[in-house]
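A.B. asks: Return atomic coordinates for the entry below.
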Amino acid sequence: MPTPTSPDSPLNQLLGSVAALREHCPWMGALTHESLVEYLIEEAYEVVDSIEAGDSPVRDSELRGELGDVLLQVVLHARLAEERGSFTFDDVARSINAKMVRRNQHVFKADGSLQESFPASVEEIIVKWDAAKRAEKPERKDPFEGIPPHLPALAAAQKSLDRAVRAGLDVDAEGALAAVGLPAVPASEEALGELLLAIVTAAREQGLDAERALRATVRSFQNNQAQGS
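C.D. replies: Down below sits the predicted model:
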């Protein structure tokens, strides 16, 4: 059986195919990091769609294919960088592995070997993870730094709230609901989705852009929290 590092391993075959396509296919040869962005975003969303389709043999087959499409994007970006002498796919893999070891000190020792014992709770893991991240970048004071500015507004809101809570900032859910006249949120994701759709529907009728409105409010939330921390 081929090992991951052998010439005939599936990964090395993919790397070789992409290198050949870059050299001999005019369309592939014209690709750039910038022109690939739309495909990377599209493929990531297709993975999400496949996961949320539910458990089934068909879903598993689709998920395998969609993950392959995402892997292709990583290989292509790494190949472009290798062609200009910047870094290789191996450098990407080596870097993310080192990051996983460094950030997961509850599992790994500094040399990559396993710890003798492991945390008993998710809360302990989060504390250790956050401590490792702070040690990497002690100059980073803003808890919202690193959140991609082009995230969809709802995802940015969720991540911003997570960051605020983990940084020990004041997040008053009841006060936020009271401020907009809501006594509580729905008890299920289905009902919550219906409420969100109703809000977007009403906003559209009034000529308001729900995505832009939430994005602006998230930025305001981040600024206010950062200033008050």
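
A.B. asks: Only C-alpha atoms from now on, for both contacts and neighbour counts.
C.D. replies: Noted.

A.B. asks: what about V58, neighbour count?
C.D. replies: Using other CA atoms under 10 Å, the number of residues around V58 comes to 12.

A.B. asks: which element is it on?
C.D. replies: Using DSSP states H and E, V58 maps to helix 57-83.

A.B. asks: Check H106 too.
C.D. replies: Applying DSSP H and E, one finds H106 in no helix or strand.

A.B. asks: please begin residue numbering at 45 from this point
C.D. replies: All set: I'll call the first residue 45, so the last point we hit is now H150.

A.B. asks: Let's see whichever helix or strand comes after the helix holding V102 as CSV, backbone CA atoms only.
C.D. replies: Where DSSP H and E defines the elements, the next helix or strand beyond helix 101-127 is helix 133-147. This file holds the C-alpha atoms of helix 133-147, laid out as CSV (Å, rounded to 0.1, in the frame of the first residue of the first chain):
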residue,chain,number,x,y,z
PHE,A,133,2.6,22.2,-0.5
ASP,A,134,4.9,20.5,2.0
ASP,A,135,5.6,23.8,3.6
VAL,A,136,1.8,24.4,4.0
ALA,A,137,1.3,21.0,5.6
ARG,A,138,4.4,21.4,7.8
SER,A,139,3.2,24.8,9.0
ILE,A,140,-0.3,23.7,9.9
ASN,A,141,0.9,20.6,11.6
ALA,A,142,3.4,22.7,13.7
LYS,A,143,0.5,25.1,14.5
MET,A,144,-1.7,22.2,15.7
VAL,A,145,1.0,20.9,18.0
ARG,A,146,1.8,24.4,19.3
ARG,A,147,-1.9,25.4,19.9
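
A.B. asks: what's the distance between P101 and R108?
C.D. replies: In this view, P101 and R108 are 11 Å apart by CA to CA, to the nearest Å.

A.B. asks: Next, the buried residues of stretch 91-101.
C.D. replies: 91, 94 (16 or more other CA atoms under 10 Å).

A.B. asks: Look at it and report the distance between its end residues.
C.D. replies: Start-to-end, stretch 91-101 (CA to CA) is 15 Å.

A.B. asks: distance between it and the chain's centre?
C.D. replies: 18 Å (CA atoms, centre = their mean, to the nearest Å).

A.B. asks: cool, and stretch 133-146?
C.D. replies: 16 Å.

A.B. asks: before we move on, what about stretch 177-188?
C.D. replies: 18 Å.

A.B. asks: what does stretch 138-156 give?
C.D. replies: 19 Å.
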